[in-house]
Structure formats: structure tokens, C-alpha cells
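In: sequence and predicted structure below; questions after.
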Amino acid sequence: MTVRVPAKVNLQLAVGPLRDDGYHDLVNVFHAVSLFDEVTAAPADALSVTVEGGSIEGVPVNADNLAARAALLLAERLGVAPNVALTIRKTIPVAGGMAGGSADAAAALVACARLWGAGDADADLWEPAAILGSDVPFALLGGTALGTGRGEVLTPVQTAGRFHWVFALADGGLSTPAVYAECDRLREAEGWRPAPPQASQDLMAALAAGDAHALGAALGNDLQPAALSLRPALRDTLAAGREHGALGALVSGSGPTCAFLAESADHAGELTAALSKAGVARSAVQAYGPVPGATIV
Ligand code: C5P
């Protein structure tokens, strides 16, 4: 059973104050893009994880892998033994702010549910997905969606047409908790207490109209100052994309991947080449969105 699952970029990430449970209330506009991991679940004598792909350093190949935790959680709920061999083929950058680990967990839920004959009751996967992580439910859903709460309460967002993106991948990842902590530290140092986050109406209108110029102007990420503080070189990456005509440039989620919105597929191709040549990233890749969530292939 093989499931293909997309990466995400956050079109808006508005971060509220730190909650008592250690999370932050968010307004999080997720957008699924055409960078895919594939997770295969095969019957086995015991749980195992194999990871394949170009840059997979640091991805755990034991029960710490979020996909393995997904299999364990689902097996427990279904009352079956978690005997499955998971093979993860990674294209989504690792610890890159594109929710690759969450995507793999969502894919593992879908693959194992089918393998263990859990039927098509998709709804049964939402709750375990939310337990596994704030970004996991969106990887099931795909498309474009507004996430509230800690990001796991989802409402689909209407969009028109296709948006073209370029992603500048960095060497080494950034830890999501470390970036949120840096965000809190910077706010504290400025004596600034954020108001409850609100969805951007300009962003929603741009998405509904399929207007890439308006979307570029409306993109926003409250975690960006924290990611730039921890990784100052990303300023040069963002600047290089803007110089080459990106309609919008921002850090993806908690980073360090940077996302650039292009005018067209051709422009995205030019931007990819320019960013690769500028030496401001490990590599640059082109993608489009929105695309569907975790899908059996
Ligand atoms: O939910 P998930 O395990 O993916 O979150 C990883 C970390 O990101 C959390 O431990 C927390 O530090 C931070 N986070 C947060 N507020 C959110 C989502 C994540 O502070 N809404």
C-alpha cells in the first residue's frame, strides 16, 4: 500500500500568545504544493522504518519517526498488532518548515488504515492525526485550508487556478520548537504582547480570485523574524528571490526553506535557475499548488 503526500507552505502564519499548554494559537493558511513524499506500508513480522532519498540526515529509522508513531497509534486504536514495514521515500526537505515529517505521518495513517482493513471511514483518521502533530491533519486534507487552534482545526479555503512556487532549500534544518521559542523571546524583548491572530482578508480575496500579484503582497509569516534571527543568511536568500522578480518571498513555516511566488510556470523556472546560480541555497526546486492531500497511488 503506497500513499503519496504533499509538502505545505504557510501563506499566512499569524502566531498568537504562548498558551499554558506550550502551544500558540494560530491563524495558519496551509497550501499543499507538488513536492511529494511516498510512504509504503507492507505486512511484516514487526514494525520497521526504512528511509530513502537524497538528503535524509537526521530522519529517525526507529519508533521515534512520526510515521512509526502514526502506525503504533492506529494499531492501538484498531486493536491490531503494529506489524508493518514502512518505507519512506523523501523529497520534502527534512526539518525544512514544509511539514515533511507530518506528511509522512499522515501518509502512514492512510496506508496502514487500508492495509489493516479499517475501511474508508476517513473521518476516523482526523483524531489520531491531530494527536500526532499540529500539521498532520492538513497533510490528510491537502488543497488550501485555514487552520485555527494550534493549527489542527481546518476549514477548506476556496482558490482559483494554480500558483507557481520556487523553494530554496537550505543546508541543515531548524527545530520548530526552537523557532517558536525564539519568536517568544524576540516578542518579550520588545515588550510586545500579540493580539489574537486574525485571517487576512486580502489573502483570502487573492486566493479566491487566483490573483498571484495580490497573493504575493498578502503573504505573511510571524515566525520569519525568529527564523532569520537563528539563521541570518536567509536574508540573502529572500533578497535574491525578490531581485529576480518574485511576487512574494517568505520563510516557509519555521524555516529554513524559503518560498517564492512566481508569475507563471516559466517565471518559476527562471527563478529556480537564478537562485541556484546565486549560491544562496543548497538547491532550488519548482512546484505548484494547490494539490490534493495524502492519496493512495
Ligand atoms: O504539534 P507539533 O508537535 O508539530 O508542534 C511542534 C512544536 O511546535 C511544539 O512542541 C511547539 O513548541 C511548537 N508549536 C507551537 N504552537 C503551535 C504549533 C506548534 O508552539 N500552534
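Out: Sure, I can see it. Residues are numbered from 1 along each chain as shown.
In: so is the residue with the largest distance to the centre of the chain in a helix, a strand, or just coil?
Out: Distance from the C-alpha centroid of the chain peaks at Asp45, with 32.0 Å (C-alpha atoms, centre = their mean). Put simply, Asp45 is coil when judged by DSSP: H, G, I helix; E, B strand; the rest coil.
In: residue contacts, it?
Out: Counting by C-beta atoms under 8 Å, 6 or more residues apart in numbering, Asp45 touches Asn83. Backbone N, C-alpha and C define where each C-beta goes, glycine included.
In: ok, it to the ligand distance?
Out: 30 Å (C-beta to the nearest ligand atom, to the nearest Å).
In: and Ala274, by the same measure?
Out: Counting by C-beta to the nearest ligand atom, the gap from Ala274 to the ligand is 33 Å.
In: cool, and Ala246?
Out: According to C-beta to the nearest ligand atom, Ala246 and the ligand sit 27 Å apart.
In: so Phe167 bridges to which residues?
Out: Ala259, Val285 (DSSP bridges).
In: can you check the pLDDT for it?
Out: Predicted confidence (pLDDT) at Phe167: the value is 98.
In: Glu76 in helix, strand or coil?
Out: From three-state DSSP, the assignment for Glu76 is helix.
In: show me what contacts it?
Out: Per C-beta under 8 Å, 6+ apart, neighbours of Glu76: Pro82.
In: so Ala139 sits against Ala106, correct?
Out: Yes - counting by C-beta atoms under 8 Å, Ala106 is a contact partner of Ala139 at 3.5 Å.
In: could you list which residues are in contact with Ala42?
Out: By C-beta under 8 Å, 6+ apart, the neighbours of Ala42 are Met1, Val84, Ala85, Thr87, Leu115.
In: now, the most widely separated pair of those?
Out: The largest separation in those, counting by C-beta to C-beta, is between Thr87 and Leu115 at 12.7 Å.
In: would you pull up the residue in the stretch 151-297 of the chain closest to the ligand?
Out: Using C-beta to the nearest ligand atom, the closest approach of the stretch 151-297 of the chain to the ligand is made by Pro177 at 3.6 Å.
In: isn't there a helix covering that residue?
Out: Yes - counting by three-state DSSP, Pro177 is located in a helix.
In: just give the number of residues close to the residue nearest to Pro292 when sequence neighbours are not counted.
Out: Using C-beta to C-beta, 6 or more residues apart in numbering and skipping the chain neighbours, the partner closest in space to Pro292 is Gly142 (4.3 Å). The criterion is other C-beta atoms under 10 Å. On that basis, Gly142 has 24 neighbouring residues.
In: tell me if I'm right that Asp135 and Val9 touch.
Out: No - assessed by C-beta under 8 Å, Asp135 is found out of contact with Val9, at 11.5 Å.
In: coming back round to it: quick one: the contacts of Ala42 as JSON lines, columns for secondary structure too.
Out: Shown next, in JSON lines, are those (three-state DSSP):
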{"residue": "Met1", "secondary structure": "coil"}
{"residue": "Val84", "secondary structure": "strand"}
{"residue": "Ala85", "secondary structure": "strand"}
{"residue": "Thr87", "secondary structure": "strand"}
{"residue": "Leu115", "secondary structure": "helix"}
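In: quick one: which of the residues you listed is most hemmed in?
Out: Val84 (27 neighbours).
In: so Gly289 touches Phe163, yeah?
Out: Yes - if you go by C-beta under 8 Å, Gly289 and Phe163 touch, sitting 5.5 Å apart.
In: so how far is Arg89 from Ala95?
Out: 17 Å (C-beta to C-beta, to the nearest Å).
In: who has more neighbours out of these two?
Out: Ranked by neighbour count (other C-beta under 10 Å), Ala95 and Arg89 place Ala95 first, with 20 against 17.
In: settle this for me: the more buried one is touching Ser175, isn't it.
Out: Yes - assessed by C-beta under 8 Å, Ala95 is found in contact with Ser175 at 6.9 Å.
In: ok, now which ones touch the closest residue to Leu66 other than its chain neighbours?
Out: Sequence neighbours aside, Ala105 is the residue nearest to Leu66 in space, at 4.1 Å (criterion: C-beta to C-beta, 6+ apart). For Ala105, the contact set (C-beta under 8 Å, 6+ apart) comprises Leu66, Ala67, Arg69, Ala70, Ala129, Leu132, Gly133, Val136, Ala139.
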